[in-house]
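# Model the following, please.
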Amino acid sequence: MYPFNNIQQVQSFLLCAAIATAYGCADQQTPWERIIKSGQLRFATVESPATCYPTASGYAGFECDLARRFAHELGVDLTLILARNPSAAMAMVKRDQADIGGADLASRMADTDLEYSPAFYQPDSRQVTFYKHLYPHLHVAFHPAGTKPVSWMYRHDDVLANRLAVFIRDQAESGELARLLEQYFGHMRTFDANTASTFLAMEKERLPLYEDLFRETAHRYSMDWTLLAAMSYQESHWHPDARSPTGVRGLMMLTQDTAAELGIDDRIDPPQSVDGGARYYHALLEKIPPRITDPDRTWFALAAYNIGFQHLEDARILTQELGGNPDRWRDVRKYLPLLDDDKWHVRTEYGKARGGEAVRYVGNIRLYEDLLRWTYPGLEKKEFVQPDMGEWLALGPVNLQAM
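Residues are numbered from 1 along each chain as shown. Below you'll find the predicted structure:
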């Protein structure tokens, strides 16, 4: 991931853009010529879970990452422009204040003055329901009809059109597009509106009791506190005295053996439980081969937390034997349920396990972390639009080649 380290208000650019709009450009550059001569790709989109959002390490999101990749492919810097709404983003492209418009503009509001890239994915109804349910106050970057293909728009330019088409084709053929889709939308398969409603209610009622504990513990183990909180909710719904039929207990539902190994003598004591769960997760993360990078690394560690590291390794071996990539979660996820199949688990070293449950476990935690990121008032959120900035704020430029 290429994080945005420099955030600046480019007011001089706004002035130049206004002058160019009013009087026209002297040299009448094509969009492609402007990108190459300036060394800058201006990408306009909106803030939403499906496009671009702030994180502790910079800006993330499906469109953010795809735009970064395109700028990197061209050898130019990326300036990310966050508009107030899709209409403003589209207007920026038409006025030459942006080179490309995202935010699913092509399917939301077709415009004959603009061209459209090949579609690069099509959201399913589960994704649309997820965002509508959670963020009714946001300009969600999905068409209300729900399933129209997503593409980017730009002013007419044959060279830019060709480069975009080749880039999208290459991303699809290399599997990188599928990897990005899995990273940002793969967990939507487990979405259930009732589950989300219950989570949001518990977020208000119980999370404030343990927020400081999650933050402090996560900091000690270099974790994102929202991940630790999401794990705890999946385990116990934030009930410190939770108990399962198998005997696991506490906020992080530790077994007696794991608690003894970690030196924990009271599993229902919140500080001990959360510290133990974080330490155990960190130990599992360290066992994942270094060649596996995030986000797959995190998802593998979560699966191991649920099913055990040995069973995860069995699933990775099965994945490789069946032609999948054992270092990619989206491949291993397909074969984990075989650990519960009598035909397959006899071929593994560590035997039968609830692999399908581990898949659901990881998907649920990803959903809960998304919910926390976007709905919890205790999270610091960056104000994108500031006084006198007009319709938009530009982030960057960032030299992606040097990062």
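
# List the contacts of Gly277.
Listed by C-beta atoms under 8 Å, 6 or more residues apart in numbering, the contact set of Gly277 reads 228, 231-232, 235, 251-254. (C-beta placed from N, C-alpha, C; glycine too.)

# In CSV, list these along with neighbour count.
As requested, the contacts of Gly277 are exported to CSV (neighbours: other C-beta atoms under 10 Å):
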residue, neighbour count
Leu228, 25
Met231, 27
Ser232, 31
Glu235, 24
Leu251, 31
Met252, 31
Met253, 24
Leu254, 23
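
# With secondary structure, pLDDT and distance to Phe167 added, can I get those in TSV?
TSV is the format used below for those (DSSP: H, G, I helix; E, B strand; the rest coil; pLDDT from 0 to 100; distance: C-beta to C-beta, whole Å):
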residue	secondary structure	pLDDT	distance to Phe167
Leu228	helix	97	37
Met231	helix	97	37
Ser232	helix	98	41
Glu235	helix	96	42
Leu251	coil	97	46
Met252	coil	97	43
Met253	coil	96	45
Leu254	strand	96	47
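
# Let me know the closest of those residues to Leu209.
Leu251 (10.4 Å; C-beta to C-beta).

# Can you read off the pLDDT for the nearest residue to the closest one once chain neighbours are set aside?
Distances taken as C-beta to C-beta, 6 or more residues apart in numbering put Ser273 closest to Leu251, at 4.4 Å, once the chain neighbours are dropped. As predicted, Ser273 sits at a pLDDT of 97.

# Surely Ser273 touches Gly250?
Yes - if you go by C-beta atoms under 8 Å, Ser273 and Gly250 touch, sitting 3.7 Å apart.

# anything in contact with each of these two?
Contacts common to Ser273 and Gly250, judged by C-beta under 8 Å, 6+ apart, are 240, 267.

# wait, isn't Ser151 in contact with Glu115?
No - checked against C-beta under 8 Å, the pair Ser151 and Glu115 is beyond contact range at 9.9 Å.

# Could you name the helices and strands sitting against the helix or strand Thr298 falls within?
For Thr298, the host element (DSSP states H and E) is helix 296-307. Helix 296-307 sits against helix 225-236, helix 270-287, helix 309-321, helix 329-335, helix 355-375, with contacts defined as 3 or more C-beta pairs under 8 Å, 6 or more residues apart in numbering; DSSP states H and E.

# Now render those helices as JSON lines, adding distance to Phe70.
Output for the helices and strands packed on helix 296-307, formatted as JSON lines (distance: least, C-beta to C-beta, whole Å):
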{"stretch": "helix 225-236", "distance to Phe70": "29"}
{"stretch": "helix 270-287", "distance to Phe70": "31"}
{"stretch": "helix 309-321", "distance to Phe70": "31"}
{"stretch": "helix 329-335", "distance to Phe70": "22"}
{"stretch": "helix 355-375", "distance to Phe70": "25"}
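
# Relative to Val46, which of these is closest?
Ranking those by their distance to Val46 (criterion: C-beta to C-beta) puts helix 355-375 first, at 13.9 Å.

# got the buried residues for that closest one?
Buried positions in helix 355-375, judged by neighbour count with 16 or more other C-beta atoms under 10 Å: 355-374.

# Pull the distance from it to the chain's centre.
Put simply, helix 355-375 sits 12 Å off its chain's centre (C-alpha atoms, centre = their mean, to the nearest Å).

# report the angle between the axes of it and helix 309-321?
Using axes from the mean of the first three to the mean of the last three C-alpha atoms, to 10 degrees, the direction of helix 355-375 lies 100 degrees away from that of helix 309-321.
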